[in-house]
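A.B. asks: Generate a structure from the sequence data that follows.
(one chain, ligands or ions: 1)
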Amino acid sequence: MFPAIWVERQGRHRPSEPAIAVGERVHASWALFASRVAGLAGGLRHELGCSPGDRVAIVMRNRPEYLEAMYGAWHAGTVAVPVNARLHREELAYIIEHSGATVAVTDPEHDDDVEALLGSAQSLRAVVVAPGAQWERLTALPPDPVVSREPDDPAWLFYTSGTTGRPKGATLTNRNLLAATLAYYADIDHVGHADAILHAAPLSHGSGLYGLSHVARGAVSVIPDPDAGAVEGEQFAALLRRWPGLSLFAAPTMVKRLAGDPAVSAANLEHLKTIVYGGAPMYAADLEEALDVFGPRFYQIYGQGESPMTITGLDKADHAEREHPRFSERMQSVGPARTNTEVMVADDEDRELPLGEVGEVLVRGDTVMAGYWRQPAETAETLRGGWLHTGDLGSLDADGYLTLRDRSKDLIITGGMNVYPREVEEALLRHPAVRAVSVVGRRDPDWGEAVVAFVVPSEPAAPPPAAELDRTCLERIARYKRPKEYRFLDALPTNNYGKVVKRELRERLADPATTSPHQQSPAN
Ligand code: AMP
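C.D. replies: Below is the predicted model:
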């Protein structure tokens, strides 16, 4: 089984129903979508020389042609390489070269950067711009038959977001994609053809993966109208009216933004089915606010490219049980293992740790990638013993809920005591004058490492005094965890998926420009 079949099937089942929409407007029926995909597949194979297993890179912002390119690539038996279009030119070049893509599909916004690689990226033979005249011609070619693929054939090279070092291409097979798709129905929602998914986040990442469960069931894929800008309250409310049964994948920052938008609180949310959020920590204070606005329509996922968005999850019932004695702990956890994954917390030698102890999160199951593309040493290391080593630190409770502490390298050890930045961040976010915060460790001659908090104040001109921030911490966490230094910034550095890049903050520690006048005395 492989995803290309779904589009072809829906094209026959419900030819005149909407498959793709741009904002409130229907862009293509299933019959049109299926025929364009099958035409493009013919073009890829017979005009652009693609053979099954070749890689086709997709460098585009979210647009209908993205879905045509992805399913066209699969229909032709090739491997899709969805590249985050917000990456820097150099990063794009690296991924195209490393994946060995022979064809790249791009849009007019990224055309120059991608075409420039035709001479330098060794394997790249052709660049097709969509929309455009060539695209229209290729998608109008006579439908080509679907090229059959095996469950263990690669389908999607998922280049990880690279908060550290060079991106690595998690090789996702058809089996991995199918397992993640079925897990959506098992754990998140049943999806029907009257439903819709809003792609407000990049299709090259979580939104694209959840899109599979919707395409498979004949639901509508809704691409936000590019002319309407980022999806804000009014637009969101209009889309809810137009597309009942709407779900979306949103990073915590977007959930927070929507929850704070008066147009959303005023909107009729009856037709909002589910907000799947995750990919980064959602802080308790923000989640509480979002629950007040949206009600328990949330599913939190914990996943990574290497086990596509499917490791553990916190379901709607968990979000609804506000009276549960462990409600607040649960809301700070990432939930129990998904139906088709095994999760273990292990020590440095991969021995299972007792409940409550913090160790590396290991995962096993059909969603776990085949390996890193063309990186055998990293693959062997990450998949050793048959378990995916996530690099995340966490602990399991007696009910099977996993709480992430941090990525292994983010742990701060100060005076021999472990401090997980997340707990300090959670504490500081309770201060009303703190808009955002990220905590890192700085080398310290006395303590080994010292806790440093980078704080974005709500009012840039009036950062809260260090003594007040200390008090906020001391109300919630142990004294030794309290930052030894606060630095104030206008914004935290984030990568192209909106995740805070702690590496950059660590580099900034050497830069006196961000040093705060509120430095604390080093007494612990
Ligand atoms: P990526 O492969 O780019 O999606 O990054 C995956 C990483 O994001 C994971 O290894 C975690 O460190 C982090 N992450 C994913 N989901 C969550 C979540 N629900 N809460 C906290 N961190 C998360």
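
A.B. asks: which residues are in contact with the helix or strand of the chain with the lowest mean pLDDT?
C.D. replies: In the chain, no helix or strand scores lower on mean pLDDT, DSSP states H and E than strand 417-419, which sits at a mean of 77. The contact list for strand 417-419, computed with C-beta atoms under 8 Å, 6 or more residues apart in numbering, reads 358, 411-413, 441, 451, 480-481. Where you see a C-beta, it was placed from the backbone N, CA and C, and this is true even at glycine.

A.B. asks: Point out the residues in the protein that sit beside the ligand.
C.D. replies: Applying C-beta under 6 Å from any ligand atom, one finds that the chain approaches the ligand through 160-161, 278-281, 300, 302-305, 334, 390, 392, 404, 407.

A.B. asks: In space, what's closest to Leu87 - neighbours in sequence excluded?
C.D. replies: Nearest non-adjacent residue to Leu87, counting by C-beta to C-beta, 6 or more residues apart in numbering: Asn496, 5.6 Å away.

A.B. asks: Dig out what the residue of the stretch 1-150 of the chain found nearest the ligand forms beta bridges with.
C.D. replies: The nearest approach of the stretch 1-150 of the chain to the ligand comes at Asn84, 9.6 Å away (C-beta to the nearest ligand atom). Beta-bridge partners of Asn84, counted by DSSP bridges, are Met60.

A.B. asks: thinking it is in contact with Ala201, fair?
C.D. replies: No. Asn84 is beyond contact range of Ala201, at 10.6 Å (criterion: C-beta atoms under 8 Å).

A.B. asks: Look at the closest residue to Ala370 other than its chain neighbours and give its secondary structure.
C.D. replies: Excluding the flanking residues, the one nearest Ala370 by C-beta to C-beta, 6+ apart is Thr171, at 4.6 Å. State at Thr171, reduced to three classes by DSSP: H, G, I helix; E, B strand; the rest coil: strand.

A.B. asks: Can you get me a residue count around Thr171?
C.D. replies: Thr171 has 23 neighbours, counted by other C-beta atoms under 10 Å.

A.B. asks: what's the helix or strand for Asp112?
C.D. replies: helix 111-115 (DSSP states H and E).

A.B. asks: List the buried residues for that helix?
C.D. replies: Neighbour-count burial for helix 111-115, counted by 16 or more other C-beta atoms under 10 Å, picks out 111, 113-114.

A.B. asks: quick one: the residue in the stretch 351-500 of the chain that the ligand sits nearest to and Leu157, what's the gap?
C.D. replies: Nearest to the ligand in the stretch 351-500 of the chain, going by C-beta to the nearest ligand atom, is Asp392, at a distance of 4.6 Å. Distance, Asp392 to Leu157, by C-beta to C-beta, to the nearest Å: 22 Å.

A.B. asks: try Ser123
C.D. replies: Computed with C-beta to C-beta, the distance linking Ser123 and Leu157 is 13 Å.

A.B. asks: before we move on, what about Ile58?
C.D. replies: Counting by C-beta to C-beta, the gap from Ile58 to Leu157 is 11 Å.

A.B. asks: hmm, back to that, the ligand versus the residue nearest to Ala370, what's the distance?
C.D. replies: 14 Å (C-beta to the nearest ligand atom, to the nearest Å).

A.B. asks: so what's that residue up against?
C.D. replies: Thr171 neighbours (C-beta under 8 Å, 6+ apart): 154, 157, 369-373.

A.B. asks: thinking again about what came up before, common neighbours of Ile58 and Leu157, please.
C.D. replies: Listed as contacting both Ile58 and Leu157 by C-beta under 8 Å, 6+ apart are 80-81.

A.B. asks: follow-up on the earlier one: Provide the contact partners of the helix or strand just after the least confident helix or strand of the chain at residue level.
C.D. replies: Using DSSP H and E, the helix or strand that directly follows strand 417-419 along the chain is helix 421-428. Contact with helix 421-428 is made by 281, 283-285, 332, 404-406, 410, 412, 434, 437-440, 451, 453, 455, 469, 472-473, 475-477, 481-483, 502, as judged by C-beta under 8 Å, 6+ apart.

A.B. asks: Report the buried members of those.
C.D. replies: Applying 16+ other C-beta under 10 Å to the contacts of helix 421-428 flags 281, 283, 332, 404-406, 410, 412, 434, 437-440, 451, 453, 455, 469, 472-473, 477, 481-483, 502 as buried.

A.B. asks: per the record, what domains does this protein have?
C.D. replies: Dividing the chain into domains by automatic domain parsing, as the record does, gives the ranges 30-149, 411-519.

A.B. asks: As CSV, those with distance to Ala228 would be great.
C.D. replies: Listed next are the domains of the chain as CSV, based on distance: least, C-beta to C-beta, whole Å:
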stretch, distance to Ala228
domain 30-149, 13
domain 411-519, 20
